[in-house]
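Engineer: Dropping a prediction and its sequence here:
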Amino acid sequence: MADIDDPFESGQAPLTERSPSPHLTALSEKARDYARNARSDNTRRAYDADWRQFAAWLRRQGLDPLPPDPQTVGLYLAACVGGERGRAPVSVATLERRLAGICWRYRQLGAPLDTSERHISTVLAGIRRAHARPPLQKEAIFADELLAMMATLEMDLRGIRDRAILAIGFAGGLRRSEIVGLDCGPDQTEDGTGWIEIFPAGEDISSASNNDGGLLLTINGKTGWREVEIGRGSSPLSCPVALLETWMRLGRINHGPLFRPIARKNGGVSANRLTDKHVARLVQKTALAAGIRGELTEGERRRAFGGHSLRAGLASSAQIEEVHVQKHLGHASPEMTRRYQRKRDRFRVNLTKAAGL
């Protein structure tokens, strides 16, 4: 099978028949950087893996990826959900993501794949009908459980950093990528996806009234830019703002990535950014250590918790109007917010009685 080069990824995007000028070469480099930033790092990694799996399947079948063939893609979808060659069948959600990754790569190659073509759309509709299941959701972590999880951490520099991550992730209702994407201020790094501003007590954004101060996050999330306010808590041991201030002071962090790795040998703080996988592992580790959901097996508990457990915990705990939760979490619709609310006031509206039964 012939190798395929992405014209942007390879840096060989043809600009003219002649050798491009230095100015056009610089623009080509910038265009390639913008093309990479069209998707988040996690999405790009997932799409790259999706394409590699598809390309490997084509290679085993002796097929060429170009031009894109809807019938071949339909056969691939059927093979994935059927668990071909001893491989475990994939879920419908994973299959849809793989198709999105394949389509994305074909677009980069200038050969778009038409997913509305019947060989794809009909096969995918049949797969959804036969195999679709409700989405698996991470268990929500509530405030008392979060306190128990934080109590399992040491009070050293690493423990203070991780306490701040848990507290800010919960109070801000943040995605794990949004937590680690924070910088100390605007325009400080190229890979940052937001920044923080700390307001002392007695001062707010408008300076119009006295309050306890707090933390303002400016975040570029899935639905665009939004501001997230995190107020101060009642105890410095659990207050997100106090924990963050302590981490920044002891870690000597005042510029660049907010949350960083700590060397195990000398305890020094790296200049690099933590990965979002650290948040998922941290939630799992502390939830197990605190005995959260002890009625489940250890394997079930590991699968039950992740970065979204913090986000779902806030959505489920906040006793305020739904519209405020929706805005805080950056959801485009109230329906999405309700998916995060694990404990809702169900059956409060009883249409059975309202109808007269």
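Structural biologist: Perfect, I can see it now. Numbers count the residues shown, from 1 in each chain.
Engineer: F199 pairs with what?
Structural biologist: Beta-bridge pairing of F199 under DSSP bridges involves G214.
Engineer: Look up how far D212 lies from it.
Structural biologist: For F199, the distance to D212 equals 9 Å [C-beta to C-beta, to the nearest Å]. To be clear about C-beta, it is placed using only N, CA and C from the backbone, and glycine gets the same treatment.
Engineer: And for C80?
Structural biologist: From C80 to D212 the distance is 53 Å (C-beta to C-beta).
Engineer: Could you check which of these two has the larger neighbour count?
Structural biologist: C80 (22 against 16; other C-beta atoms under 10 Å).
Engineer: In terms of helices and strands, where is E229?
Structural biologist: strand 224-231 (DSSP states H and E).
Engineer: Run through the neighbouring helices and strands of that strand.
Structural biologist: Under the contact criterion of 3 or more C-beta pairs under 8 Å, 6 or more residues apart in numbering; DSSP states H and E, strand 224-231 touches helix 157-172, strand 214-221, helix 240-251.
Engineer: let's go with 10 Å and repeat that
Structural biologist: helix 157-172, strand 194-199, strand 214-221, helix 240-251, helix 322-329 (3 or more C-beta pairs under 10 Å, 6 or more residues apart in numbering; DSSP states H and E).
Engineer: Deepest-packed of the ones you listed, please.
Structural biologist: Ranked by mean neighbour count, the helices and strands packed on strand 224-231 are led by helix 157-172 with a mean of 24 (mean count of other C-beta atoms under 10 Å).
Engineer: And the average pLDDT for the strand holding E229 is what?
Structural biologist: Mean pLDDT, strand 224-231: 88.
Engineer: Output it as PDB, nothing but the C-alphas.
Structural biologist: Only the C-alpha atoms of strand 224-231 are listed here, as PDB (Å, rounded to 0.1, in the frame of the first residue of the first chain):
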ATOM      1  CA  GLY A 224     -15.800  28.500  22.900                       C
ATOM      2  CA  TRP A 225     -14.500  31.000  25.500                       C
ATOM      3  CA  ARG A 226     -16.200  31.200  28.900                       C
ATOM      4  CA  GLU A 227     -15.500  32.700  32.300                       C
ATOM      5  CA  VAL A 228     -15.700  30.500  35.400                       C
ATOM      6  CA  GLU A 229     -15.900  32.000  38.900                       C
ATOM      7  CA  ILE A 230     -14.600  30.000  41.800                       C
ATOM      8  CA  GLY A 231     -15.300  31.500  45.200                       C
END
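Engineer: tilt between that strand and helix 240-251?
Structural biologist: 90 degrees (axes from the mean of the first three to the mean of the last three C-alpha atoms, to 10 degrees).
Engineer: relative to helix 157-172, how tilted is strand 224-231?
Structural biologist: 110 degrees.
Engineer: for strand 224-231, the distance to its chain's centre please.
Structural biologist: Centre-to-centre, strand 224-231 and its host chain are 16 Å apart (C-alpha atoms, centre = their mean, to the nearest Å).
Engineer: what's the angle from it to strand 194-199?
Structural biologist: In terms of direction (the same axes, to 10 degrees), strand 224-231 departs from strand 194-199 by 30 degrees.
Engineer: What strands flank strand 224-231, and is each parallel or antiparallel?
Structural biologist: Here strand 224-231 is paired, per DSSP bridges, with strand 214-221 (antiparallel).
Engineer: circling back to that earlier point, who touches both of F199 and D212?
Structural biologist: 231-232, 241 (C-beta atoms under 10 Å, 6 or more residues apart in numbering).
Engineer: And those residues, which is closest to P65?
Structural biologist: In terms of C-beta to C-beta, no member of the shared contacts of F199 and D212 lies closer to P65 than V241, at 51.4 Å.
Engineer: I'd assumed E197 was in contact with that closest one.
Structural biologist: No - when contacts are counted by C-beta atoms under 10 Å, V241 is not listed as touching E197 (11.1 Å).
Engineer: Can you pull the residues that touch both of those two?
Structural biologist: 214-215.
Engineer: From R118, how far off is the residue nearest to L58 when sequence neighbours are not counted?
Structural biologist: Spatial nearest neighbour of L58, chain neighbours left out: P65 (5.5 Å); criterion: C-beta to C-beta, 6 or more residues apart in numbering. As for P65, its distance to R118 is 21 Å (criterion: C-beta to C-beta).
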